[in-house]
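J.: The following block contains a protein sequence and its predicted model.
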Amino acid sequence: MLPAIKIYDTLSRDLKELQPIEPGIVKMYVCGPTVYDYTHIGHGKTYVVYDAFKRYLSLRGYHVVHVMNITDIDDKIIKRSQDEGRDWSEIVDEYTRDYLSALEKLNVTIDHHPRVSEHINEIIGFIQGLIDKGYAYIAPSGSVYFNVDKYDDYGRLSGRVSKETWGQEQEFLSEKQNPYDFALWKAAKPGEPYWESPWGRGRPGWHIECSVMSSRYLGSRFDIHGGGTDLIFPHHENERAQSEAFFGSRPWVSIWMHSGLVMVGKDKMSKSLKNIIPLKEAFDKWGPMPLRLWYLSTHYRKPLYFSEEALENSVKLYERLTTAAQLLRRLAHESTGLHYAREEDLKVFNQLVSLHTRFHNALSDDFNTAEALAAVNEYLTILFRDIQYNPRHLLVSTSIKLLREFNTVLGVLDRELEGVEEGEALLDSMVEILINVRKELRKRGIYDLSDTIRSDLSKIGIQLMDKGLETTWVRVRK
Ligand SMILES: Nc1ncnc2c1ncn2[C@@H]1O[C@H](COP(=O)(O)OP(=O)(O)OP(=O)(O)O)[C@@H](O)[C@H]1O
Ligand SMILES: [Zn+2]
C-alpha cells in the first residue's frame, strides 16, 4: 500500500492530506507568466515543479486538470511597449512564443492555458458581481477597487496580521478608500490599450484574472492553487479575498502550494532585478533535461541557489539516466535466457523493491523530490554495479519497471524509454536487415549504394561501424 499524499498548505501552515473534492480528480491552478520578457531559469523551476507534481498524481492514479494562465495584459507589458515604441500585442506575441517553446523543451504540459485578453467579458462580469455584493467600489477615474475591509479574513494566507502591512498600489492612494485596497479594473490613460466596460474604458487589474480563469476552467472550488512564494502577498491574498467574496463560500481552494524561488546570491532571479539567465541560453549550455533534474534536486518549498556546479552535477545525473535506459534496452534482449534467480539475486531484487518504497514515501510526504532523487541515485549504483553484468530476467524487468516509474515523475527519459517498447525492437530488426543488404552490396562491389545507406542512416542517428565485412551499429543521441 502506498502512503497517502500530504502537501504543505500555506494557509493552515501544516501538512494536509490530499482529499480531492471530486474523488479521483485533482484540479490544480498555477499562476503563469507575464509575457513581457524572455522566460528565465527562475520561472522554469515553478513550471517544472508543478508539472512533476502532476505527473506524480497521475502515477498515483488521479486524473489531473492543470490550468496555468498567461498574463498578456499588464502594466509591465504596457511600459515595455512604450519604452520600445512597439505595439503591446507584438511584445506579447514574441514573449509568448518564447515561453511556449521553453515549456515544450522542458517537457512541461498544461491542460488549459488561458490568456487574459480572451476573458475580458468574464472578468467584467466577475467585477460587476463584486460591486453588486458590496465588496467593490467605483472611483471617479472609472477604476474599480476591492474594498479589503469588507472581507474578514484578509492577511491570513500571508500571515500579515496587522493592517499596517497590507499597503499596496501606492500610485492610486488618492482615490482609494484605504491604502490596502487593490484595483480590479484600471481606467485607461491616453495611449494605453483598453476595453469597453460599464465603468468606462480600461483593463483588468492583475489579480482578478486568476479568480476568473480558475473558476472558468475548474469551478468555484478546486483542490490546489500553486505559484512561487513571491506571489503569496499580495497576489494570492487578493485572489483569495475576491474569490471567497464572490462565491460566498470558504474555503475557495483546499491546498495553497507554494514553490521556493531560484535565487542569485541573496536575490530572487527576476526580470525586474536584471539578474536573469534566459532559459533559451540555459538550454544551450546545460540542456533542458538536466535543468529539470536540477529543479527537482532541492525540496520544492526551499529556495534553489543558482550554481554552475550543481547544474554540472545534474548534467552528469542525466547522462547516467540515459545510459541506464540504453543499458536496460540491451539487457532486456540479453536476459531472456536467464529466467532463474539465485539467492544473491533475490537480495538485489529486495533492494530494488525497497527503493521503490523509498521513492513513494518521499514523494507522498510533501513531494520531497530531493529524497526521491537520492533513491534514484542508489538505484543507478545497483544497476551499474550488480545488474549490468548479471542480467537476470527478474532484475532487469524490475529495473525497467522502476525506471519507468521514476521517469513518470522526473520526465527526462520519455524518448529513451520508448526504446524499451516493441516499436524499438522493430526498428532494431530493420537496421539489421539494412546491414545485411549492405553487406551483399559490398560483396558485389556496389559501394556507392552501400555508402548511401550508411550516410542516410547516420542522418537519423544510427551510426554503422565496419570491420572487414562485418558491421556493428550504435544509436547516437543528438
Ligand atoms: N526566481 C524565480 N524562481 C522561481 N519561480 C519564479 C521566479 N520568478 C518568478 N517565478 C514564478 O514564475 C511564474 C511566472 O512569474 P511572472 O512572469 O509573474 O514573474 P515576474 O515576477 O513578473 O517576473 P520577474 O520577477 O522576473 O519580473 C510565477 O508562478 C512566479 O511565482
Ligand atoms: Zn495568479
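T.: On my side now, so go ahead. Numbering: from 1, shown residues only. Ligands and ions are numbered 1, 2, ... in the order given.

J.: For the rest of this, base every contact and every neighbour count on C-alpha atoms.
T.: Fine.

J.: Report how many residues lie close to the closest residue to ligand 2 within the stretch 151-300 of the chain.
T.: Nearest residue of the stretch 151-300 of the chain to ligand 2 (CA to the ion) works out as Cys210 at 4.6 Å. Residues near Cys210, counting by other CA atoms under 10 Å, number 27.

J.: Quick one: classify it as helix, strand or coil.
T.: helix (DSSP: H, G, I helix; E, B strand; the rest coil).

J.: ok, Asp72 to ligand 2 distance?
T.: Going from Asp72 to ligand 2 by CA to the ion, to the nearest Å gives 13 Å.

J.: Mind naming the longest helix for this protein?
T.: helix 308-334 (DSSP state H).

J.: Pull out the buried residues from it.
T.: By 16 or more other CA atoms under 10 Å, the buried positions in helix 308-334 come out as 311-312, 314-315, 317-318, 320-322, 324-332.

J.: Return the set of buried residues in the helix or strand just after it.
T.: Elements were assigned by DSSP states H and E; along the chain past helix 308-334, the next helix or strand is helix 343-364. Within helix 343-364, the residues that count as buried by 16+ other CA under 10 Å are 345, 348-349, 352, 355-364.

J.: And for stretch 108-118?
T.: Of the residues in stretch 108-118, those buried (16+ other CA under 10 Å) are 108-110, 112, 114-117.

J.: Tell me the helix or strand right after the helix or strand hosting Asp428.
T.: Using DSSP H and E, Asp428 sits in helix 422-443. Per DSSP H and E, the first helix or strand lying C-terminal to helix 422-443 is helix 447-459.

J.: Near Pro251, how many other residues are there?
T.: Around Pro251 there are 13 residues (other CA under 10 Å).

J.: Just say helix, strand or coil for it.
T.: Pro251 - assigned by three-state DSSP - is coil.

J.: repeat for Leu402
T.: helix.

J.: got it, and the one 10 residues further on?
T.: Following three-state DSSP, Val412 is assigned to coil.

J.: can you tell me which residues contact it?
T.: Residues in contact with Val412 (CA atoms under 8 Å, 6 or more residues apart in numbering) are 107, 289, 292-293, 318.

J.: Spit out the contact partners of the closest residue to the residue of the stretch 151-300 of the chain closest to ligand 2 other than its chain neighbours.
T.: Computed as CA to CA, 6 or more residues apart in numbering, the closest residue to Cys210 that is not its neighbour in sequence is Glu239, at 6.8 Å. Taking CA under 8 Å, 6+ apart, we find Glu239 in contact with 207-208, 210-211.

J.: Compare those residues and tell me which is most surrounded.
T.: Cys210 (27 neighbours).

J.: need the residues of this structure near ligand 1, please.
T.: For the chain, the residues in contact with ligand 1 (CA under 6 Å from any ligand atom) are 31-34, 42-43, 45-46, 227-228, 230-231, 261-263, 268-272.

J.: Pull out the buried residues from the residues you listed.
T.: Buried, going by 16+ other CA under 10 Å: 31-34, 42-43, 45-46, 227-228, 261-263, 268-271, out of these.

J.: Hmm, the residue of the stretch 151-300 of the chain closest to ligand 2 is touching Cys31, no?
T.: Yes - Cys210 lies in contact with Cys31 (CA atoms under 8 Å); the separation is 7.3 Å.

J.: Thr452 versus the residue nearest to Leu449 when sequence neighbours are not counted, what's the distance?
T.: Among residues not flanking Leu449 along the chain, Leu441 sits closest, at 7.4 Å (CA to CA, 6+ apart). For Leu441, the distance to Thr452 equals 11 Å [CA to CA, to the nearest Å].

J.: so where's the protein shaky on pLDDT?
T.: 335-337, 419-426, 477-478 (pLDDT under 70).

J.: which SSE is Thr472 in?
T.: strand 470-475.

J.: Specify the residue ranges that define each domain of this protein.
T.: 7-305, 318-410, 424-475 (automatic domain parsing).

J.: I'd like those written out as JSON lines, with distance to Glu416 added.
T.: Output for the domains of the chain, formatted as JSON lines (distance: least, CA to CA, whole Å):
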{"stretch": "domain 7-305", "distance to Glu416": "12"}
{"stretch": "domain 318-410", "distance to Glu416": "6"}
{"stretch": "domain 424-475", "distance to Glu416": "10"}
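
J.: Quick one: closest of the ones you listed to Glu418.
T.: Glu418 lies closest to domain 424-475 among the domains of the chain, at 7.0 Å (CA to CA).

J.: starting at the chain centroid, how far to that closest one?
T.: 40 Å (CA atoms, centre = their mean, to the nearest Å).

J.: chain center to stretch 297-306: distance?
T.: Averaging C-alpha positions (CA atoms, centre = their mean) puts stretch 297-306 14 Å from its chain's average.

J.: same question, stretch 198-212
T.: That offset, for stretch 198-212, works out to 27 Å (CA atoms, centre = their mean).

J.: That one: end-to-end distance?
T.: Start-to-end span of stretch 198-212 (CA to CA) is 18 Å.

J.: got the CA coordinates for stretch 23-34 in CSV?
T.: Once non-C-alpha atoms are left out, stretch 23-34 reads as follows in CSV (Å, rounded to 0.1, in the frame of the first residue of the first chain):
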residue,chain,number,x,y,z
PRO,A,23,-12.9,11.6,-5.9
GLY,A,24,-10.2,10.6,-8.4
ILE,A,25,-9.8,14.1,-10.0
VAL,A,26,-7.3,16.8,-8.9
LYS,A,27,-7.9,20.3,-10.1
MET,A,28,-4.9,22.5,-10.0
TYR,A,29,-4.3,26.1,-10.9
VAL,A,30,-0.8,27.6,-11.1
CYS,A,31,0.0,31.3,-11.8
GLY,A,32,1.8,31.6,-15.1
PRO,A,33,4.0,34.3,-16.6
THR,A,34,3.5,37.9,-17.6
